[in-house]
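Asks: Coordinates for the following, if possible.
(chains A and B)
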There are 2 protein chains.
Amino acid sequence: MVPTSATVLDLEADVVTLARQLVDIPSESHHEQVIADAVERELRARPHLDVVRHGHTIVARTHLGRAERVVIAGHLDTVPENANLPSRLEDGVLHGLGSCDMKGGDAVILRLAALVGSGALVPERDLTFVLYEAEEVDAASNGLFRLSVEHPELLAADFAILMEPSNAGVEAGCQGTLRVEVRTTGQRAHSARSWKGVNAIHGAAEILNRLAAYEARQPVVDGLRYHEGLNAVGIRGGVAGNVVPDECVVTVNHRFAPDRSEAEALAFVEEFFAGFEITLTDSAPGARPGLDRPAAQAFVAAVGAEPAPKYGWTDVARFTTLGVPAVNYGPGDPLLAHTQAEHVAVEEIERCERVLAAWLAGEGTSS
Amino acid sequence: MVPTSATVLDLEADVVTLARQLVDIPSESHHEQVIADAVERELRARPHLDVVRHGHTIVARTHLGRAERVVIAGHLDTVPENANLPSRLEDGVLHGLGSCDMKGGDAVILRLAALVGSGALVPERDLTFVLYEAEEVDAASNGLFRLSVEHPELLAADFAILMEPSNAGVEAGCQGTLRVEVRTTGQRAHSARSWKGVNAIHGAAEILNRLAAYEARQPVVDGLRYHEGLNAVGIRGGVAGNVVPDECVVTVNHRFAPDRSEAEALAFVEEFFAGFEITLTDSAPGARPGLDRPAAQAFVAAVGAEPAPKYGWTDVARFTTLGVPAVNYGPGDPLLAHTQAEHVAVEEIERCERVLAAWLAGEGTSS
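Replies: As a prediction, the model looks like this:
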């Protein structure tokens, strides 16, 4: 059991103190009960919020009758602990598991929810705050995915902000990803009489030649330049040390820009490996940046910096599937996510809170 | 425990009955005690044989004062049982585990030992019969290897016959074998930003290109044409489905003709893969056929068929290391070894016994 003292969550504290409190509640994927309980308790105490819980996913909505609605979402879970708890605050940097991915962002969401929930901040748009479970594991467990399938009405909005670490800049859309297995076959033989067989590993040379010669598309989508990729992420073959192998399998990961659908991306891969047997093993769509929408443009103006394309796949694609344009915007360097030394600059957490609060209040560009 | 009835070994029975008795004593590698006990007991009962036991390896020698000495050797162990015991004799074919590899040959050895040991057959050359343990497993356990290291004097001879299955023809010498790991390295990166890394699997394309273009040497050595081979027998690489991998390892098996030493074969492989990191993981020398020796020539004449080169590696190389020319000669098809359906034609067992007995007695060519 987590000690009671570790479940303190004070939404009236400053955003950095709140971020520390969140980090100090362990919440590895599939173990979000304690943190979700604390979040739910605090949000239910705010009179202007309508709170719904699904599993360990908490949704808190305003009903102010505004013309537009914005979702602000973050996941509550972390990867497994790696000798990086409890939190440590040092020289303006918050260290600890989940500090970057993404409890710094969660603290910003909870601070905004507290301000709006108590009526201290009156937003121009209705708001839906989502704090969800199981982002770091399989898609079927993902709280945002489950919500999008079982209760899509709770995610209905004109714009969504996902507080994935993005160095407090706007990273718009995301690239899609698919994986295929490309297979060669041959005929087994004893390696002492190898001319009686056909070596399937030698047959994979052409697969690797094509990959080595691949030139990435870098299409501009809604004003942002994406950068595709096609990489062998695994290769296996071999029966025994004295046997000519009859099978070789190359696992290839294709990252594709959001101007292509999953079907178009698969067609590209099939043509690229024409002549080889291909099996699709998983696929997820990209998300167009959607920066042409007024809410998105206003938000980008509020952040006051050029938006960048998001290369990696994130849950923003789940919003796109629902027809909601979405961007990644959160404190922390995405390259630090999942590392033992994960940390986040206090200044970035504070800046994200300030920018979002000003934008929600309709105060225009802040910095 | 193996039942007593299964340990009957009657060296006065015909060679096929004796082969069945040997098959019906289970003797998977490292479990040769029962069969070795039975062999030792029978050989010690023959007055003209000097019997020595080392572990489960039995050596029986004549001391007739002949000018030359011949070793006739066979291993007593088998691969693990695979629903192929007890033996079955049907339409002139003996079925069962070890029938081909190589208890048919062992039966021939024991019949000859019985004839010589009782004085019924007076050989022109002194004889050393070796029935040894643990051929099917690691080299360090191999009874012939251990004898060659610990008591090489027991293997001293002018010529050796190893009764490995060879379709009752002479297969002379053997090819050497070595394995190397050929490695490429790169730099890890998230596959969503793959241009920040270097893909080690893509880097292996050139290794496979060279292998696919390899042309085998087929040198003639002492009159026999060998056939080399260079094959990838394994390939591995990959960190995770979303990571550009930083290492790929291709395991390559080189089979080399006996005109090259291990060092020369390794030098060839190193030059072949110039530019790549190479690690030698194992190596065993080939064996020249040695058909220029008088004893070998007389034996080939006795068999009455053209000798063939042995492509696979066998324990004949251990004799070569001791300076003793050696050939493979035994009943059974080597392609059936280690298969569940392993079997041997009764006619081949009988022919091997007849040919060897006639040659040992100096009766010239038989068939």
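Asks: quick one, domains of chain A?
Replies: What automatic domain parsing lists as the domains of chain A is A:15-173+A:287-360, A:176-284.
Asks: now the longest one, how far from the chain's geometric center?
Replies: Here the centre of domain A:15-173+A:287-360 is set off from its chain's centre by 10 Å, with CA atoms, centre = their mean, to the nearest Å.
Asks: State the mean pLDDT of that domain.
Replies: In this model, domain A:15-173+A:287-360 has an average pLDDT of 94.
Asks: near chain B, anything from it?
Replies: Yes: for domain A:15-173+A:287-360 and chain B, the contact criterion (CB under 8 Å from any CB of the partner chain) is met by A:311, A:312, A:313. Backbone N, C-alpha and C define where each C-beta goes, glycine included.
Asks: Let's see the pLDDT reported for residue A:211.
Replies: pLDDT, residue A:211: 98.
Asks: which non-adjacent residue is nearest residue A:75?
Replies: Distance criterion CB to CB, 6 or more residues apart in numbering or on different chains; nearest residue to residue A:75, sequence neighbours excluded, is residue A:135 at 3.5 Å.
Asks: list the contacts for that neighbour?
Replies: Contact analysis of residue A:135 by CB atoms under 8 Å, 6 or more residues apart in numbering or on different chains lists A:29, A:75, A:77, A:142, A:143, A:144, A:315.
Asks: can you map out the helices along the stretch 1-150 of chain A?
Replies: With DSSP state H, counting those that start in this stretch, the ranges of helices along the stretch 1-150 of chain A come out as A:15-23, A:33-44, A:104-117, A:143-150.
Asks: distance of residue A:284 from chain B?
Replies: 11 Å (CB to the nearest CB, to the nearest Å).
Asks: For that residue, grab phi and psi.
Replies: The phi/psi pair for residue A:284 (degrees, to the nearest 10) reads phi -140, psi 140.
Asks: residue contacts, it?
Replies: Contacts of residue A:284 by CB under 8 Å, 6+ apart are A:139, A:176, A:177, A:178, A:262, A:313, A:317.
Asks: In TSV: those residues, plus secondary structure and neighbour count.
Replies: Formatted as TSV, the contacts of residue A:284 follow (DSSP: H, G, I helix; E, B strand; the rest coil; neighbours: other CB atoms under 10 Å in any protein chain shown):
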residue	secondary structure	neighbour count
A:139	coil	14
A:176	strand	23
A:177	strand	24
A:178	strand	20
A:262	helix	16
A:313	coil	18
A:317	helix	22
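Asks: what's the closest of those to residue A:331?
Replies: residue A:313 (20.3 Å; CB to CB).
Asks: is it true that that closest one touches residue A:176?
Replies: Yes: counting by CB atoms under 8 Å, residue A:313 does reach residue A:176; the two are 6.8 Å apart.
Asks: Highest mean neighbour count out of the domains of chain A?
Replies: Ranked by average neighbour count under the criterion mean count of other CB atoms under 10 Å in any protein chain shown, the domains of chain A are headed by domain A:15-173+A:287-360 at a mean of 21.
Asks: tell me how far the ends of it are from each other?
Replies: Across domain A:15-173+A:287-360, the terminal residues are separated by 17 Å (CA to CA, to the nearest Å).
Asks: Over to stretch A:255-271?
Replies: End-to-end distance of stretch A:255-271: 16 Å, with CA to CA as the criterion.
Asks: Can you get me the centre-to-centre distance for that stretch and its chain?
Replies: Taking CA atoms, centre = their mean, the mean C-alpha location of stretch A:255-271 is offset from the chain mean by 20 Å.
Asks: any bit of that stretch sitting next to chain B?
Replies: Yes: using CB under 8 Å from any CB, stretch A:255-271 reaches chain B at residue A:255.
Asks: what pLDDT does the closest residue to residue A:203 other than its chain neighbours get?
Replies: Nearest in space to residue A:203, with sequence neighbours left out and distances taken as CB to CB, 6+ apart, is residue A:184 at 3.9 Å. You'll see residue A:184 listed with a pLDDT of 98.
Asks: likewise the one 4 residues further on?
Replies: If you check residue A:188, the pLDDT there is 90.
Asks: that older thread, name the member of the residues of domain A:15-173+A:287-360 next to chain B with the shortest distance to residue A:279.
Replies: residue A:313 (20.3 Å).
Asks: which residues in the stretch 101-250 of chain A form strands?
Replies: A:126-132, A:159-162, A:171-172, A:176-185, A:189-190, A:220-221, A:224-225, A:229-237, A:243-244, A:247-256 (DSSP state E, counting those that start in this stretch).
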